[in-house]
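Chemist: how would this look folded up:
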Amino acid sequence: MNKMFKILEIIWLVMGFVGVIMSIYFIITKDKQGVIYFIIFTLICGVMYAVRKRQRIKFELAQKQKDPN
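Modeler: Numbering: from 1, shown residues only. Got it, this is the predicted structure:
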């Protein structure tokens, strides 16, 4: 389960970087009106990354308390 939280965290981080790259690309080459969607996408990815990271840390702490080795 811990691996799944880590994988989801990395996926959100990568998607956030893709959103940043697409935002920069659209600012440079395409219309400036369409870039707002990629900025919103990047912000959502950042929030989801933070939520998943916090969830993984809480899960790890609960596992440590549950199994005191």
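
Chemist: mind checking the longest helix of this protein?
Modeler: helix 35-66 (DSSP state H).

Chemist: show me where pLDDT drops low in the chain?
Modeler: 1, 69 (pLDDT under 70).

Chemist: 90 - rerun?
Modeler: Within the chain, the ranges that satisfy pLDDT under 90 run 1-6, 8-9, 23, 25-38, 55-57, 59-69.

Chemist: how close does residue 66 get to residue 28?
Modeler: Computed as Cβ to Cβ, to the nearest Å, the residue 66 to residue 28 distance reads 51 Å. C-beta: built from backbone N, CA, C; applies to glycine.

Chemist: Equivalent analysis for residue 6, please.
Modeler: According to Cβ to Cβ, residue 6 stands 34 Å off from residue 28.

Chemist: So which of these two has more stuff around it?
Modeler: residue 6 (14 against 8; other Cβ atoms under 10 Å).

Chemist: and the host helix or strand of that one with helix 35-66, angle?
Modeler: Using DSSP states H and E, residue 6 falls within helix 2-28. Angle, helix 2-28 to helix 35-66, by axes from the mean of the first three to the mean of the last three Cα atoms, to 10 degrees: 160 degrees.

Chemist: Next up, the contacts around the nearest residue to residue 22 once chain neighbours are set aside.
Modeler: Distances taken as Cβ to Cβ, 6 or more residues apart in numbering place residue 38 nearest to residue 22, at 4.6 Å, with adjacent residues excluded. Taking Cβ atoms under 8 Å, 6 or more residues apart in numbering, we find residue 38 in contact with 19, 22-23, 26.
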